[in-house]
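[1] Predicted model and sequence below, questions to follow.
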Amino acid sequence: MVDESVRVQLLDRRYRELAMSTFVFENRLAHRLSYLRVFASPRIAGLLTHTGQMKAEPRRRAHDTGLLMYSLIEAGLESHDGRHGVARLNGMHRRWNITNDDYIWVLGTFAVMSIRTIMTVGWRPITEAEKQVVIDWHLELGTRMGITDVPTDFAAYDAWFAAYEARMLRRTEAGEQLRDLALGVLCTPIPRPLRGVTKALIPVLIDEPARSALGFRRPNLMARSAVAMILGVRARRRRRNGPPAPFFTIGAPNITYPDGWTLDDLGPHRARQNHQR
């Protein structure tokens, strides 16, 4: 019988290879779109509005989410940083009354949506074994966060995810306000003249019912064709050139943390501290 720690370490290595190398573009795209998608849930949008962090520091909240998730992937759940990162996640969320189904859905915006994104725009098809690695890693993360009843394979999780969204997602004023704040952050690295075009193309990459619940209109044929062409060119380049250079280092300086950061720097406590000053 394989030792449990060894099992998780092997899972960490397999998922890290998929998320940070093999399908790194697809994974990063999925994470950005998932960040928007959660605002389609009235309960999640209402909670995020109540906490005030998105309104107080939209860029920091977005970057903290990405830094924490990529730290878990890069370090591995079974590492010291991974265990500390999960503890930080639990500390951020346990004070709020979040249902288990909402937890499963938010976890699915990373797990299910990563696989769906690869299936839709990937430079090559994702194998069934690779899908299972993605699900297994997020199942392990969910278990460590105290989330129960997470579906254990992609087909089951995808069906659960679709049923939840059909039942729960709808358009709200809070969700649209959060969407606009998040779009402003996501488009910041893009040259100003291209930001309007980028915002017009983003809905192409968001499926229903989330697209309508976020207040986006159905993209026209020109927008859909433009996105298909851009992603087709990107996929051909990836097949020709191989994986890109690593993009992430734990603690490295960035626009939000020019002097570097630790896991303890991430999270909503900063918004509250700044608001109190």
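    Yep, that arrived. Only a predicted model underlies this, so the values are computations on that prediction, with no experimental measurement involved. Residues are numbered from 1 along each chain as shown.
[2] other SSEs contacting the host helix or strand of residue 110?
    Element membership of residue 110, judged by DSSP states H and E, is helix 100-121. Secondary-structure packing of helix 100-121 (3 or more C-beta pairs under 8 Å, 6 or more residues apart in numbering; DSSP states H and E): helix 24-37, helix 42-51, helix 128-144, helix 154-168. The C-beta positions use only the backbone N, C-alpha and C, and glycine is treated the same way.
[3] Please point out which parts of the shortest one sit buried.
    Buried residues in helix 42-51, counting neighbours by 16 or more other C-beta atoms under 10 Å, are found at 42, 44, 45, 47, 48, 49, 51.
[4] Also the third one?
    By neighbour count on 16+ other C-beta under 10 Å, the buried set for helix 128-144 is 130-142, 144.
[5] Provide the secondary structure category for the residue nearest to residue 28 when sequence neighbours are not counted.
    Distances taken as C-beta to C-beta, 6 or more residues apart in numbering place residue 247 nearest to residue 28, at 7.8 Å, with adjacent residues excluded. When classified by DSSP: H, G, I helix; E, B strand; the rest coil, residue 247 comes out as coil.
[6] neighbours around residue 247, how many?
    Neighbour count for residue 247, taken as other C-beta atoms under 10 Å: 11.
[7] Phi and psi next, for it.
    Dihedral pair for residue 247: phi -110, psi -10, per degrees, to the nearest 10.
[8] these two touch, right, it and residue 24?
    Yes - counting by C-beta atoms under 8 Å, residue 24 is a contact partner of residue 247 at 7.1 Å.
[9] In terms of pLDDT, where does residue 186 sit?
    If you check residue 186, the pLDDT there is 86.
[10] for it, what are its contacts?
    Residue 186 makes contacts with 32, 35, 36, 62, 202, as judged by C-beta atoms under 8 Å, 6 or more residues apart in numbering.
[11] cool, and residue 91?
    When contacts are counted by C-beta under 8 Å, 6+ apart, residue 91 is found next to residue 267.
[12] Which pLDDT value belongs to it?
    For residue 91, pLDDT reads 90.
[13] Which of the helices and strands in this structure ranks last by mean pLDDT?
    When the helices and strands of the chain are scored by mean pLDDT, DSSP states H and E, helix 269-276 comes last with a mean of 44.
[14] Dump the C-alpha coordinates for stretch 41-59 into CSV.
    Coordinates of each C-alpha in stretch 41-59 appear next as CSV, following Å, rounded to 0.1, in the frame of the first residue of the first chain:
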residue,chain,number,x,y,z
SER,A,41,-23.8,33.3,-8.1
PRO,A,42,-26.1,35.6,-6.1
ARG,A,43,-24.9,34.0,-2.8
ILE,A,44,-21.2,34.4,-3.6
ALA,A,45,-21.7,37.9,-5.1
GLY,A,46,-23.6,38.9,-2.0
LEU,A,47,-21.0,37.6,0.4
LEU,A,48,-18.1,39.3,-1.5
THR,A,49,-20.1,42.5,-1.5
HIS,A,50,-20.7,42.2,2.3
THR,A,51,-17.0,41.6,3.0
GLY,A,52,-16.0,44.8,1.1
GLN,A,53,-12.6,43.6,0.0
MET,A,54,-13.4,43.6,-3.7
LYS,A,55,-14.6,47.2,-3.5
ALA,A,56,-11.8,48.4,-1.3
GLU,A,57,-8.9,46.6,-3.1
PRO,A,58,-10.1,44.9,-6.3
ARG,A,59,-6.6,44.4,-7.7
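[15] Dump the buried residues of helix 128-144 into a markdown table; add distance to residue 99 and pLDDT as well.
    A markdown table is the format used below for those (distance: C-beta to C-beta, whole Å; pLDDT from 0 to 100):
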| residue | distance to residue 99 | pLDDT |
| --- | --- | --- |
| 130 | 30 | 98 |
| 131 | 26 | 98 |
| 132 | 26 | 98 |
| 133 | 27 | 98 |
| 134 | 24 | 98 |
| 135 | 21 | 98 |
| 136 | 24 | 98 |
| 137 | 23 | 98 |
| 138 | 18 | 98 |
| 139 | 18 | 98 |
| 140 | 21 | 98 |
| 141 | 18 | 98 |
| 142 | 14 | 98 |
| 144 | 19 | 97 |
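[16] Kindly reformat these as a markdown table containing distance to residue 207.
    A markdown table is the format used below for the buried residues of helix 128-144 (distance: C-beta to C-beta, whole Å):
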| residue | distance to residue 207 |
| --- | --- |
| 130 | 21 |
| 131 | 18 |
| 132 | 22 |
| 133 | 23 |
| 134 | 18 |
| 135 | 19 |
| 136 | 24 |
| 137 | 23 |
| 138 | 19 |
| 139 | 23 |
| 140 | 26 |
| 141 | 24 |
| 142 | 23 |
| 144 | 29 |
